[in-house]
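>>> Have a look at this fold, sequence not included:
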């Protein structure tokens, strides 16, 4: 009971790497994509209806597309992992000496030698579950992908993309009669949100809050500026 209390007191929350990457992927892509479209459309026309149609169409298509990509890519990783598991199991039965040698080589790279090396190799290879997981993690460098992971990635990415895509649109809801002010507000609000996403990444992983935040802002606004230039030149070109 005392050990359980100590474990509870000293337990620390750990970030889930898949959630972090899915969240950043969806939210950053949503903001950058819609911001670029908004700036491009606002530079080409003063019609707020066209802007909303273009942005909402992009929001719908981008969120579904990003969610689908997240689902299929995660499913592919799971299928690859399961395929390699079956192959490793087969090799452990058919060529155990070769598989044992591979365990031995990994342990040698870690600095184990002599009797300690042999003892560790024997211990790992005497337990099929430990042997298999050792080979998957340290020989093939593959991490297990849970059965529910594809759906979780799909949900996280699609929600993050929708929320991110909506951010640049917010100023236009309150500034429907002023396209220029709406575009400026979209840039400012998107920049702040991107900075906060960068801060979240830095706090969840490692790195400077300022560095990661500013880096995220620069990437997003450069993409938005590219959209503005396209819209500006197309809008200024007579048809």
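Here it is on my side, so go on. Predicted model, so just to flag it, every value in this text is computed and none were measured.

>>> where exactly do the helices run in this structure?
Applying DSSP state H to the chain gives helices spanning 2-10, 17-44, 48-94, 96-109, 114-125, 128-134, 149-166, 170-174, 179-204, 209-236.

>>> which residue lies farthest from the center of this structure?
Distance from the C-alpha centroid of the chain peaks at residue 115, with 43.3 Å (Cα atoms, centre = their mean).

>>> okay, how far is it across stretch 118-133, tip to tip?
Taking Cα to Cα, to the nearest Å, stretch 118-133 runs 19 Å from one end to the other.

>>> For it, give me every contacting residue.
Contacts with stretch 118-133, where a contact means Cβ atoms under 8 Å, 6 or more residues apart in numbering, come from 85, 88-89, 92, 96, 99-100, 103-104, 107, 112, 134. Quick note: C-beta positions are derived from backbone N, CA and C, even for glycine.

>>> pLDDT below threshold where in the protein?
1-17, 227-228, 231-239 (pLDDT under 70).

>>> center of it, which residue is that?
Looking at the chain with Cα atoms, centre = their mean, the centroid-closest residue comes out as residue 21, 2.0 Å off.

>>> Quick one: residues contacting that residue.
By Cβ under 8 Å, 6+ apart, the contact set of residue 21 is empty.

>>> repeat for the one 10 residues further on
Applying Cβ under 8 Å, 6+ apart to residue 31 gives the contacts 164-165, 167-168, 190, 193-194, 220.

>>> Try it again at 7 Å.
164, 167-168, 190, 193-194, 220 (Cβ atoms under 7 Å, 6 or more residues apart in numbering).

>>> need those in a markdown table with neighbour count and distance to residue 155, can you?
Output for those, formatted as a markdown table (neighbours: other Cβ atoms under 10 Å; distance: Cβ to Cβ, whole Å):
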| residue | neighbour count | distance to residue 155 |
| --- | --- | --- |
| 164 | 31 | 15 |
| 167 | 19 | 19 |
| 168 | 30 | 23 |
| 190 | 26 | 24 |
| 193 | 23 | 20 |
| 194 | 27 | 22 |
| 220 | 27 | 23 |
